[in-house]
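Asks: Compute the structure for the input listed below.
(one chain, ligands or ions: 3)
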Amino acid sequence: MKKLSIIGMPMDLGQMRRGVDMGPSAIRYAGVVERLRNLFDEVHDLGDIPIGRPEVVIDEQSNLRNLHLVAEKNEALSKEVDQAISSGSFPLVLGGDHSIAIGTLAGVSKHYKSLGVIWYDAHGDLNTAETSPSGNIHGMPLAVSLGIGHKMLTSVGGFEPKIKPENIVLIGARALDEGEKELIKEIGIKVYTMHEIDRLGMTKVMEETIEYLKERTDGVHLSLDLDGLDPHDAPGVGTPVTGGISYRESHLAMEMLAESKLITSAEFVEVNPILDDKNKTASVAVALMGSLFGEKLL
Ligand SMILES: NC(=[NH2+])NCCC[C@H](N)C(=O)O
Ligand SMILES: [Mn+2]
Ligand SMILES: [Mn+2]
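Replies: Ligands and ions are numbered 1, 2, ... in the order given. Model prediction:
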């Protein structure tokens, strides 16, 4: 029995560009439920985690924008994700800015001894308050999940760390801050930058990624930031970076993950319909979900 639980996380507090809170709605309009219905025995749309319209708080001292709110809302998300897995469902979280990965990983991680993570993104999201150029928490969730960062964030879910550095694979990186580069080298995270994707091709990158994670993990979470794709294919994102992964390469990556049967939870984040071109980015997200969950061309 294959069950899918869709959880919307309409949060934009991890960065400054409004509109990404409408991501879950845009992805629903793009037909996510209809598209995935045929690929599961049951699809349950659990609706959105309530975020409300909280006042934006800039804490000059911590260099962490909306710290308390981001921690609190992620706590709520982690409980929902945890419950979905306990009920035998595959959790699919719709963002929201990437800070929501803090909650998703908190909810997922307690179900696995050695969780793997594929971070499909132009960015590393490995900043801390000290290294962040922006103070935006959406640039920090991977560090936070490693137990690196402000205690209020690393302790979401009541335990830390959620993941080990050797269980992470970054794919699509092309905009890493200095502090992130240092951290990657220091703790040893596997990274396929755009250079490796160009050089090896996506087939090889995914073969290696799957092989690598298969050996060391008992579940793999896919955290897909739409800005991993080239802005030409996914323009509706808050922090676009040119020279990204193509639509075709991304489908191939998702199809190979479907074949591998490795992925046990997923989130699609950073869809911002205000910055989008006729809901193109949300539609791309839904199409990629189709491939990830086993849709075939023939
Ligand atoms: N999830 C994202 N889109 N992250 C973008 C982060 C950009 C930059 N590295 C920062 O820390 O502000
Ligand atoms: Mn990104
Ligand atoms: Mn990201």
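Asks: mind listing what the residue in the stretch 51-200 of the chain that ligand 3 sits nearest to touches?
Replies: Residue of the stretch 51-200 of the chain nearest ligand 3, by Cβ to the ion: residue 98 (3.6 Å). Just so you know, the C-beta spots here come from the backbone N, C-alpha and C atoms, and that holds for glycine as well. Residues counted as contacts of residue 98 (Cβ atoms under 8 Å, 6 or more residues apart in numbering) are 14, 121, 125, 138, 139, 141, 223, 225, 269, 270.
Asks: can you do 7 Å?
Replies: Contacts of residue 98 were listed using Cβ atoms under 7 Å, 6 or more residues apart in numbering, and they are 14, 125, 138, 141, 225, 269, 270.
Asks: Just the buried ones from the residues you listed, in PyMOL syntax?
Replies: The PyMOL selection below is limited to those of those classed as buried (16 or more other Cβ atoms under 10 Å):
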select buried, resi 14+125+138+141+225+269+270
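Asks: and which of the contacts of residue 98 is nearest ligand 2?
Replies: Closest approach between the contacts of residue 98 and ligand 2, by Cβ to the ion: residue 225, at 4.0 Å.
Asks: Would you mind confirming that that closest one makes contact with residue 271?
Replies: No: applying Cβ atoms under 7 Å as the test, residue 225 and residue 271 come out as separate, 9.6 Å apart.
Asks: since we're on residue 197, how many residues are nearby?
Replies: Residue 197 sits with 22 neighbouring residues when counted by other Cβ atoms under 10 Å.
Asks: Which strand or helix spans it?
Replies: helix 194-200 (DSSP states H and E).
Asks: What lies in contact with that helix?
Replies: With Cβ under 7 Å, 6+ apart, helix 194-200 has contacts from 172, 174, 205, 243, 245.
Asks: so which of those comes closest to residue 129?
Replies: When these are ranked by distance to residue 129 (Cβ to Cβ), residue 174 comes first, at 23.6 Å.
Asks: So for that closest one, what's the pLDDT?
Replies: Note on residue 174: pLDDT of 98.
Asks: That one contacts residue 243, doesn't it?
Replies: Yes: proximity of residue 174 to residue 243 meets the contact threshold set by Cβ under 7 Å, at 5.9 Å.
Asks: tell me, what residue is most central in the chain?
Replies: When Cα atoms, centre = their mean is applied to the chain, the residue found nearest the centroid is residue 223 (2.7 Å).
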